[in-house]
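model the structure of this input:
(chains A and B)
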Amino acid sequence: MTPHVQLSEQDDATLMLRVREDDRDAFAVLVKRHQKMLLNFFARSSVQYDYEDLVQQTFLRLYRYRDRYVATAKFTTFLFLLARQVWIDELRRRKQQERLVAGLSAEPKPEYVDPVASDATASGGMDLKRALDALPEGLRQVIELGVYQDLPYAEVAKILGIPVGTVKSRMFNALAKMRTFLEEK
Amino acid sequence: MNFESHMNELAFTDAAAFRKLAGCLRAMPEREPSADLADRVLAAVDAERNRKPRRFRAPAPWWGIAAAAAVAVAAVALYTFAPSRGSRVAAAAVPSDGLAWLAANQESDGTWSPAKHGGAEIYRPALTALSALALDRAGKGGAAAQVDRACAALAAMQGASGAFGGTDRACLYNHAITTFALATLYPKHPALRPTLERALAFVAARQTAQGGWDYESGSEGNAAVTAWQVRALACAEAQGFDAAKIPLRKGLHWLRSVARDDGSIAYHRDSSARSDGLTALAAYALITAGKAFPGLPELGRHVAGSLRSASDAPLKADCYRDYAKVLAFESAGSSAQAEVVRQRMRTQQKDARPDQWEAVGGRLYTTAFTALAAR
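Now for the predicted structure:
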């Protein structure tokens, strides 16, 4: 068995500890393990971005802040905290850009025919996507973390910096709004 | 508490409706990351490390992965959308005369050092090969001696297996690009014959039963690295190396098999994403390397026809994609389209615009490709 295979079987926290010691292979395993989750985290946002760039930025931050990770914290919580910050920074950057270049539409992704979007359309899932897109950001993120990622509410609360009670109320409101949206269709 | 326990607290009708809604949300199809996303991430981290050298250990595997992005770029660009920031090495001003810059930056051992110019060291063979090709193509005064030294340096890099260096992914890209360069330069450097013969033996040894090449075990091939090997083999065959014939035929056959009906090329047989860079590279390989085989040039032109027109292309700098598009458009007879891409490359170089692959290929990469794409 190669060392790489052994690494791939280790849990996130162990790998992060190795990354803190500058273990390159351990970092590679983490990237490969979580890139899809992050990509979809960003892709389910309501605005068109270069999602893979955001994934890249998140992992870069993970590398930069590797010393801040403590094994007592769940790794995905740490990762989503970073992802959320990347997302917020991107929103800020966009807003700044929009102010500078009023009316400039977002550049479409250049080299990607989105199979997900077309699949969603074909299966009638587009309404669902629209319903999700129609949610305010604060509600959408609760859906993202609580439903898609199925994180415990305590983790969602930590990532979003809100009390658990607020997570619950936002979850209820988000689902209720989506249901209304879909019923009106 | 999690979603499920939260639902248990709600009224039955609400909980049932919300559970159903959550089920639908979870059932929505997900995106797959680009095949090279992990490589690009790792390359970006690598670039960061180069700026602040620290303690990393084991260079080989890491660089291998990171590197893939570099040249893999091509194919890979596959699904590649130039990152807008973060990963890139800040663009240094590129001299207007890229060839003079290349000539001035050759190392005393005949190679070019990627690390000195923002690239990944593991690609020294490929970047030396590209730089030498660019200088040779320009044929500027004094270049011959520099190309001589580069050829000698590349031959010296060859290991017992016939490979030119690098690990994992970098190995195959280094190998294909270096073999291609040496085969191109061979008429002026006949002493390279034994080097090329060993290089071709390595290419044949790494070919899969299906005819492709890949760095992942169990894969029948990926179109990016296969297109490069095909290009190297075709060049060698044209120079009279018979050992290239059978691997070339098999490689072309495999490349043909991943062409989709719409003309785009799949990175792996089942990949869904598409990339102009990869498609262009494959189009060029099919048109030029496949000219002796019925139907392949036509398929290549069909593939080239699926490329977005040069004027529609995004303005994000991607020298690899643009280089491949110039080759594809020219070989398909669309010189005007090729010229538009060339113009864009010149502008990007002049403006020192950060390139998609600068963090891994460095300034050597952008400069060499821009020079090689020049008319």
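
please make it C-alpha for all contacts and neighbour counts, starting now.
Fine.

in the stretch 201-350 of chain B, what residue is nearest chain A?
Per C-alpha to the nearest C-alpha, the residue of the stretch 201-350 of chain B with the smallest distance to chain A is residue B:275, at 5.3 Å.

tell me the pLDDT of that residue.
Model confidence at residue B:275, given as pLDDT, is 81.

so the closest residue in space to residue B:19 that isn't next to it in sequence is in which element?
Spatial nearest neighbour of residue B:19, excluding adjacent residues (C-alpha to C-alpha, 6 or more residues apart in numbering or on different chains): residue B:7 at 7.5 Å. For residue B:7, the element it lies in under DSSP states H and E is helix B:3-9.

repeat for residue B:353
Assessed by DSSP H and E, residue B:353 sits outside every helix and strand.

you'd agree it is up against residue B:317?
Yes. Under the criterion of C-alpha atoms under 8 Å, residue B:353 makes contact with residue B:317 at 6.7 Å.

overlap in contacts of those two?
Common neighbours of residue B:353 and residue B:317 (criterion: C-alpha atoms under 8 Å, 6 or more residues apart in numbering or on different chains): none identified.

between these two, which is the more surrounded one?
Higher neighbour count among residue B:353 and residue B:317: residue B:317, with 24 against 19, using other C-alpha atoms under 10 Å in any protein chain shown.

I'd say the more buried one and residue B:354 touch.
Yes. With contacts counted by C-alpha under 8 Å, residue B:317 reaches residue B:354, the gap being 6.6 Å.

any stretches of chain A with poor pLDDT?
Scanning chain A for pLDDT under 70 picks out A:1-5, A:46-50, A:72-73, A:93-126, A:185.

so which residue is dead centre in it?
residue A:41 (2.9 Å; C-alpha atoms, centre = their mean).

in terms of helices and strands, where is that residue?
Residue-wise, residue A:41 maps onto helix A:24-43 under DSSP H and E.

so, in contact with chain B or not, that helix?
Yes. Interface with chain B: helix A:24-43 contributes A:24-25, A:28, A:31-32, A:35-36, A:39-40, A:43 (C-alpha under 8 Å from any C-alpha of the partner chain).

would you pull up the residue in chain B closest to chain A?
residue B:2 (4.4 Å).

can you count the residues close to the residue of chain A at minimum distance from chain B?
Closest residue of chain A to chain B, C-alpha to the nearest C-alpha: residue A:152 (4.4 Å). Applying other C-alpha under 10 Å, we find 17 residues neighbouring residue A:152.

follow-up on the earlier one: residues contacting the residue nearest to the centre of chain A?
Listed by C-alpha under 8 Å, 6+ apart, the contact partners of residue A:41 are residue A:144.

residues near the residue of the stretch 201-350 of chain B closest to chain A, how many?
Neighbour count for residue B:275, taken as other C-alpha under 10 Å: 25.

what's the burial count for residue B:217?
8.

phi, psi of it?
Backbone dihedrals for residue B:217, given as degrees, to the nearest 10, come out at phi -70, psi 140.

rewinding a little: which neighbouring elements make contact with the helix holding residue B:7?
helix B:12-27 (3 or more C-alpha pairs under 8 Å, 6 or more residues apart in numbering or on different chains; DSSP states H and E).

give the rounded mean pLDDT of the helix it packs on.
Mean predicted confidence for helix B:12-27 is 91.

how about residue A:29, what does it touch?
Residues in contact with residue A:29 (C-alpha under 8 Å, 6+ apart) are A:7-8, A:15.

could you list the low-pLDDT ranges of the stretch 151-300 of chain B?
B:273.

residues from it in reach of chain A?
The stretch 151-300 of chain B comes close to chain A at residues B:272-276, as judged by C-alpha under 8 Å from any C-alpha.

looks to me like residue A:174 is in a strand.
No. Using DSSP: H, G, I helix; E, B strand; the rest coil, the secondary structure at residue A:174 is helix, not a strand.

any idea how far residue B:285 is from the residue nearest to the centre of chain A?
37 Å (C-alpha to C-alpha, to the nearest Å).

residue B:17: neighbouring residues, count only.
When neighbours are counted by other C-alpha under 10 Å, residue B:17 registers 15.

check contacts around it.
residue A:179.

for it, give its distance to residue A:128.
14 Å.

what of residue B:182?
Taking C-alpha to C-alpha, one finds residue B:182 at 56 Å from residue A:128.

what about the two, which has more around it?
Taking other C-alpha under 10 Å, residue B:182 and residue A:128 do not tie; residue B:182 has more neighbours (29 against 20).

quick revisit: next, the buried residues of the next helix or strand after the helix holding residue A:41.
Tracing the chain past helix A:24-43, the next element assigned as helix or strand by DSSP H and E is helix A:51-64. Across helix A:51-64, burial judged by 16 or more other C-alpha atoms under 10 Å in any protein chain shown covers A:51-63.

using PDB, write out the CA atom coordinates for helix A:51-64.
What follows is helix A:51-64, C-alpha atoms only, in PDB (Å, rounded to 0.1, in the frame of the first residue of the first chain):
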ATOM      1  CA  TYR A  51     -17.500  28.900  -9.100                       C
ATOM      2  CA  GLU A  52     -14.300  27.000  -9.500                       C
ATOM      3  CA  ASP A  53     -12.400  30.200  -8.800                       C
ATOM      4  CA  LEU A  54     -14.200  30.500  -5.600                       C
ATOM      5  CA  VAL A  55     -13.400  26.900  -4.700                       C
ATOM      6  CA  GLN A  56      -9.800  27.700  -5.500                       C
ATOM      7  CA  GLN A  57      -9.900  30.800  -3.300                       C
ATOM      8  CA  THR A  58     -11.400  28.800  -0.400                       C
ATOM      9  CA  PHE A  59      -8.600  26.200  -0.500                       C
ATOM     10  CA  LEU A  60      -6.000  28.900  -0.700                       C
ATOM     11  CA  ARG A  61      -7.400  30.400   2.400                       C
ATOM     12  CA  LEU A  62      -7.500  27.000   4.000                       C
ATOM     13  CA  TYR A  63      -3.800  26.700   3.300                       C
ATOM     14  CA  ARG A  64      -3.100  30.200   4.600                       C
END
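
output the contacting helices and strands for that helix.
helix A:24-43, helix A:75-100, helix B:37-51.

with distance to residue B:26 as extra columns, can I get these in a markdown table?
Putting the helices and strands packed on helix A:51-64 into a markdown table (distance: least, C-alpha to C-alpha, whole Å) gives the following:
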| stretch | distance to residue B:26 |
| --- | --- |
| helix A:24-43 | 11 |
| helix A:75-100 | 18 |
| helix B:37-51 | 23 |
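
not counting sequence-adjacent ones, nearest residue to residue B:155?
Once flanking residues are discounted, residue B:155 sits nearest to residue B:195: 6.2 Å by C-alpha to C-alpha, 6+ apart.

sec struct for that neighbour, please.
helix.

so who does it touch?
Shown in contact with residue B:195 (C-alpha under 8 Å, 6+ apart): B:155, B:158, B:162.

equivalent analysis for residue B:242, please.
No contacts exist for residue B:242 under C-alpha under 8 Å, 6+ apart.

10 Å - rerun?
B:197, B:200, B:233, B:236 (C-alpha atoms under 10 Å, 6 or more residues apart in numbering or on different chains).
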